[in-house]
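>>> heads up, no residue letters with this:
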């Protein structure tokens with residue numbers, strides 16, 4: 001069986017799945033049938049979870065991914081994450097998922113999240129483009145004032161960067177939506193905006209980026225997918241891929257980039 005190029009969209013994936021399903025051997029047909037009925041699980045499940053649910057070994061599921069044209073499960077999962085417009089499950093759903101997996105004990109959960117963080121850090125150098133990182137440092141270091149926005153799950157990252165820049169005496173302002181006050185008027189053309197947002201993306205963050213880009217303000221975006229609405233707005237993109245466990249996403253690699261970015265900006269301003 002020959003392997004064509006990997007589908008570039010979910011629609012292409014579905015069409016290819018229909019095309020190959022009938023000719024697959026039994027175990028791979030099980031994979032195809034489960035995926036066809038549960039495409040919503042691909043973005044938030046590990047290969048072991050998908051294989052178990054399909055009733056096959058992980059190696060068989062990996063073989064299925066390759067027949068679909070992908071190098072492995074991670075590449076196939078990336079396609080669905082980039083198109084996961086419906087958003088990640090709410091936290092009630094995520095907790096139900098953990099209960100279904102039987103993962104109740106604190107020590108066991110800690111071990112699993114440590115493993116997810118370790119994997120994220122190991123892949124970090126592959127996901128962050130060095131040229132984009134240098135461009136981001138230059139833009140932020142040369143700005144009169146660095147504005148920072150990161151809401152909900154992104155807020156810990158944004159608040160840490162604001163704290164770190166303050167300690168290095170880099171003029172910075174952390175934006176929020178408290179009281180529904182619009183602080184975009186505080187951003188001047190000589191400033192820069194650092195926006196942290198993850199799929200399915202904060203509407204408030206996207207609105208602020210669009211507003212300041214229309215006025216020619218430089219924007220650096222820290223996000224989790226290469227295909228995102230921020231790129232179309234002309235932002236300099238830093239993409240950080242995180243590994244998930246039980247539909248909960250690690251922030252280990254993202255915080256590592258935040259620390260490195262803050263330190264580099266502080267150092268460059270003093271040169």
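Arrived safely. If you're wondering where the values come from, they're calculated on a predicted model, not measured in any experiment.

>>> only C-alpha atoms for contact and neighbour calcs from this point on.
Will do.

>>> and stretch 202-218, what's buried?
Judged by neighbour count (16 or more other CA atoms under 10 Å), stretch 202-218 contains these buried residues: 202, 205-206, 208-210, 212-213, 217-218.

>>> any idea of the mean pLDDT in it?
What stretch 202-218 shows for mean pLDDT is 89.

>>> what sits up against it?
Residues outside stretch 202-218 that contact it (CA atoms under 8 Å, 6 or more residues apart in numbering) are 139, 149-151, 177, 184, 187-193, 195-197, 219, 229-230, 233-235.

>>> next SSE after the helix or strand residue 148 falls within?
Taking DSSP states H and E as the definition, residue 148 sits inside strand 146-150. Using DSSP H and E, the helix or strand that follows strand 146-150 towards the C-terminus is helix 155-167.

>>> now that following helix against strand 146-150, angle please.
In terms of direction (axes from the mean of the first three to the mean of the last three CA atoms, to 10 degrees), helix 155-167 departs from strand 146-150 by 160 degrees.

>>> do a quick rundown of the strands in the stretch 151-271 of the chain.
Along the stretch 151-271 of the chain, counting by DSSP state E, counting those that start in this stretch, strands occupy 172-175, 192-196, 218-223, 236-239, 244-245, 248-249.

>>> now do the third one against strand 146-150, angle only.
For strand 218-223 and strand 146-150, the angle between their directions (the same axes, to 10 degrees) works out to 30 degrees.

>>> list the contacts of residue 162.
Counting by CA under 8 Å, 6+ apart, the residues that residue 162 touches are 148, 172-174.

>>> quick check on those: which are buried?
Buried, going by 16+ other CA under 10 Å: 148, 172-174, out of the contacts of residue 162.

>>> pLDDT and distance to residue 128 for the residues you listed - can I get that in JSON lines?
Below are these laid out as JSON lines (pLDDT from 0 to 100; distance: CA to CA, whole Å):
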{"residue": "148", "pLDDT": "95", "distance to residue 128": "20"}
{"residue": "172", "pLDDT": "93", "distance to residue 128": "24"}
{"residue": "173", "pLDDT": "92", "distance to residue 128": "25"}
{"residue": "174", "pLDDT": "93", "distance to residue 128": "24"}
